[in-house]
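Novice: show me the folded form of this:
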Amino acid sequence: MAGTIWAGIALRRMRAQADPDAAPRAVALPAAWEDEAAAALAALAPGQAS
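Specialist: Numbers count the residues shown, from 1 in each chain. Below you'll find the model as predicted:
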């Protein structure tokens, strides 16, 4: 993610959903963050899950 605020931060990618009944969506978050943060980001991200 060169040229972004995330440049130089180790990221990990995973699929998460904010609601157990929702479709999972791709989320990238800092490697040190807990898995629960991915669900929170999935809830905030605009658009549709794919």
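
Novice: got a list of what Arg13 touches?
Specialist: Contact analysis of Arg13 by CB atoms under 8 Å, 6 or more residues apart in numbering lists Ala26, Val27, Ala28. In this view, the C-beta of every residue, glycine as well, is placed from N, C-alpha and C.

Novice: actually Ala16, not the one I wrote
Specialist: Contacts here follow CB under 8 Å, 6+ apart; on that basis Ala16 touches Pro24, Arg25, Val27, Asp35, Ala38, Ala39, Leu41, Ala42.

Novice: repeat the analysis, applying 6 Å as the threshold.
Specialist: Ala16 is in contact with Val27, Ala38, Ala39, Ala42, counting by CB atoms under 6 Å, 6 or more residues apart in numbering.

Novice: what's the helix or strand for the third one?
Specialist: Counting by DSSP states H and E, the secondary-structure element that holds Ala39 is helix 35-44.

Novice: redo the contacts of Ala16 as CSV? Include neighbour count, distance to Gln17 and pLDDT.
Specialist: Formatted as CSV, the entries for these read as follows, by neighbours: other CB atoms under 10 Å; distance: CB to CB, whole Å; pLDDT from 0 to 100:
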residue, neighbour count, distance to Gln17, pLDDT
Val27, 21, 9, 83
Ala38, 23, 9, 83
Ala39, 18, 7, 83
Ala42, 22, 6, 79
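
Novice: for the protein, give me the ranges with low pLDDT.
Specialist: Within the chain, the stretches with pLDDT under 70 are 1-2, 46-50.

Novice: what ranges do the strands span in it?
Specialist: Using DSSP state E, the strands of the chain run over residues 11-16, 25-30.

Novice: returning to what we had before: let me know the closest of the contacts of Arg13 to Gly8.
Specialist: Gly8 has its nearest neighbour among the contacts of Arg13 in Ala28, at 14.2 Å by CB to CB.

Novice: isn't the closest one right up against Ala10?
Specialist: No. In this structure, Ala28 sits apart from Ala10 without contact. The criterion is CB atoms under 6 Å, and the distance is 10.7 Å.

Novice: and these two? Which one has more around it.
Specialist: Neighbours were tallied for Ala28 and for Ala10 using other CB atoms under 10 Å; the higher tally belongs to Ala28 (13 against 8).
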